[in-house]
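Colleague: Pasted the sequence and its predicted model underneath.
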Amino acid sequence: MNNTCRARLRRLSVSCSILTACIVIARPTHRVYAMDVNELQTRASKGYVAEQLELGEAYLMGKGLPKSDKDAEYWYEKAANSGNAEAANLVGYMYQAGVGVPANPERAVRWFELSAASGCSNALINLGVMHMVGLGVTKDTARAAEYFRRGLGHGNGTGAAYLGTMAYFGIGMKPDNNAAEAWFKAGQKLHDPISTYDLGVLYSTAPDHLNDLGKAARYLRQAADANFAPAMESLGTLLVRHPELSRHRGEAVRRLQAAADAGSWQASFALGVMAHNGSGMAADDKTAYFHLRIAVLQGGSPAQALADKHIPAVVQSLSEEQARAVEAKALTWVQQRSGAPTLVQTKGQSPRFFADPAMQGSGGVLSAALPTEYPAS
């Protein structure tokens, strides 16, 4: 990425998918857990592909069975070897993210290619991502754009989101904000939450685009309602700054909590600051410290750098015993939620998972843009 692109990146103050590459995995819609688990396992063992997919999902999400990424990968690969294109895409995701198997981007690419050859549009998008960032393959932005166009041609709006990303940042082309917005709108019409989110970002904080906070809130809310975590966080911070845009009292906190539950450390950080200041919720330093500790556990050193500015003022009202109890509670909270991919429900389509290709494990979508101060909007 060139210096001009990086400068444009730094000027955006909310997390957005135009700053992120993510793997797209459509989870087939099955009669999940409609039958007895023993019967499900029996039928899967006999080679019934639908049941293999269902069993893989049960293990991956920890519903009806103990969560086991290794068992999830095993059953998805069984289904993939039976010729199921979506299962092959799921196996690619697991090799890319290191879920249930050691991370292996080259093998992930092979599974994505197999899936795409069988007509899976999400696999086309994933191949575009891998070529765009040079993961498991030689970086090739022109080829990435072709994969995104092919995915879009199959009705997958996420292809438009990435084509907009490339146009906005000038990846493999000259930056073109008008083209970027046109791509995002094309994806939004296909109910793609990433494209919709990008439109919200453009209208809220992009320095080189007309700001219209009413439109921004509308687009961000649409993406947040699709359970896209970065949109939940961005909408929450926008509503904190502009409560007049809220649909009801407490919407900002609810959106931020949902984002935190989905793994957004920025949302946890925001909740910690709000609890300390008594902004949008009752002032409570135990609650503030709880959220700040979660942010650090979720976000690592970038979160630590921000939290360190607030933690001393928060913990001064707590005893050592109280602080240790809050730290243990925060650790338990994060451990109970770690390892699950971010789930997005798109209108009229199957649910989808998202994970950052740069990560060695699952954990949702991480933005390349981190807010330097709260609120970010």
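Modeller: On my side now, so go ahead.
Colleague: Every contact and neighbour count from this point should use C-alpha atoms.
Modeller: Noted.
Colleague: tell me which strands and helices the helix or strand where residue 60 lies is in contact with?
Modeller: Take DSSP states H and E as the rule and residue 60 turns out to sit in helix 49-61. Applying 3 or more C-alpha pairs under 8 Å, 6 or more residues apart in numbering; DSSP states H and E, we find helix 49-61 packed against helix 37-45, helix 69-81.
Colleague: Tell me, how many residues neighbour residue 284?
Modeller: When counting by other C-alpha atoms under 10 Å, one arrives at 16 neighbours for residue 284.
Colleague: can you check residue 79 too?
Modeller: Residue 79: 26 neighbours (other C-alpha under 10 Å).
Colleague: what's the answer for the one 3 residues further on, then?
Modeller: The number of residues packed near residue 82 is 14, by other C-alpha under 10 Å.
Colleague: same question, the one 4 residues further on
Modeller: The number of residues packed near residue 86 is 27, by other C-alpha under 10 Å.
Colleague: can I assume it is in contact with residue 113?
Modeller: No - between residue 86 and residue 113 there is no contact under C-alpha atoms under 8 Å: 11.6 Å.
Colleague: mind listing what the nearest residue to residue 120 once chain neighbours are set aside touches?
Modeller: Distances taken as C-alpha to C-alpha, 6 or more residues apart in numbering put residue 85 closest to residue 120, at 5.9 Å, once the chain neighbours are dropped. By C-alpha atoms under 8 Å, 6 or more residues apart in numbering, the contact list for residue 85 reads 114-116, 118-120.
Colleague: how much space between the nearest residue to residue 337 once chain neighbours are set aside and residue 312?
Modeller: Of all residues not flanking residue 337 in the chain, residue 261 sits nearest, at 7.4 Å (C-alpha to C-alpha, 6+ apart). To residue 312, residue 261 is 25 Å away according to C-alpha to C-alpha, to the nearest Å.
Colleague: Neighbour count for those two, which is higher?
Modeller: The neighbour comparison of residue 261 against residue 312 (other C-alpha under 10 Å) goes to residue 261, with 18 against 11.
Colleague: For the more buried one, grab phi and psi.
Modeller: Residue 261 adopts backbone torsions of phi -60, psi -30, taken as degrees, to the nearest 10.
Colleague: How confident was the prediction at residue 60?
Modeller: Note on residue 60: pLDDT of 86.
Colleague: for it, what are its contacts?
Modeller: With C-alpha under 8 Å, 6+ apart, residue 60 has these contacts: 67-69, 71-72, 340.
Colleague: Now do the end-to-end distance for stretch 182-195.
Modeller: OK, stretch 182-195 end separation, C-alpha to C-alpha: 10 Å.
Colleague: Which stretches in the protein count as strands?
Modeller: 23-26, 342-344, 352-355 (DSSP state E).
Colleague: so how far is residue 125 from the spatially closest residue to residue 311 that is not a sequence neighbour?
Modeller: Nearest residue to residue 311 in three dimensions, chain neighbours excluded: residue 289, at 6.9 Å (C-alpha to C-alpha, 6+ apart). Per C-alpha to C-alpha, residue 289 is found 40 Å from residue 125.
Colleague: Then residue 160?
Modeller: For residue 160 relative to residue 125 (C-alpha to C-alpha), the value is 10 Å.
Colleague: For these two, list the residues in contact with both.
Modeller: By C-alpha under 8 Å, 6+ apart, the residues touching both residue 160 and residue 125 are residue 148.
Colleague: one step back: kindly indicate the member of the contacts of residue 60 with the most neighbours.
Modeller: residue 72 leads the contacts of residue 60 on contacts (other C-alpha under 10 Å) with 27 neighbours.
Colleague: Just the pLDDT at that one, thanks.
Modeller: 93.
Colleague: so what's the closest residue to it other than its chain neighbours up against?
Modeller: Of all residues not flanking residue 72 in the chain, residue 56 sits nearest, at 4.0 Å (C-alpha to C-alpha, 6+ apart). Shown in contact with residue 56 (C-alpha under 8 Å, 6+ apart): 71-76.
Colleague: Look up how far residue 70 lies from residue 56.
Modeller: Relative to residue 70, and taking C-alpha to C-alpha, residue 56 is found at 9 Å.
Colleague: distance of residue 156 from residue 108?
Modeller: 20 Å.
Colleague: neighbour count winner among the two?
Modeller: residue 108 (27 against 23).
Colleague: What about the closest residue to that one other than its chain neighbours, how many residues nearby?
Modeller: Distances taken as C-alpha to C-alpha, 6+ apart place residue 92 nearest to residue 108, at 4.1 Å, with adjacent residues excluded. Per other C-alpha under 10 Å, the neighbour tally for residue 92 reads 32.
Colleague: what sits against residue 92?
Modeller: Residue 92 touches 107-112, counting by C-alpha under 8 Å, 6+ apart.
Colleague: Just the ones of the residues you listed in helices?
Modeller: Those of these mapping onto helices are 107-112, per DSSP state H.
Colleague: Compare those residues and tell me which is most surrounded.
Modeller: residue 112 leads these on contacts (other C-alpha under 10 Å) with 30 neighbours.
Colleague: check contacts around it.
Modeller: 88-89, 92, 123-124, 126-127.
Colleague: repeat that with 6 Å
Modeller: By C-alpha atoms under 6 Å, 6 or more residues apart in numbering, the contact set of residue 112 is 89, 92, 123.
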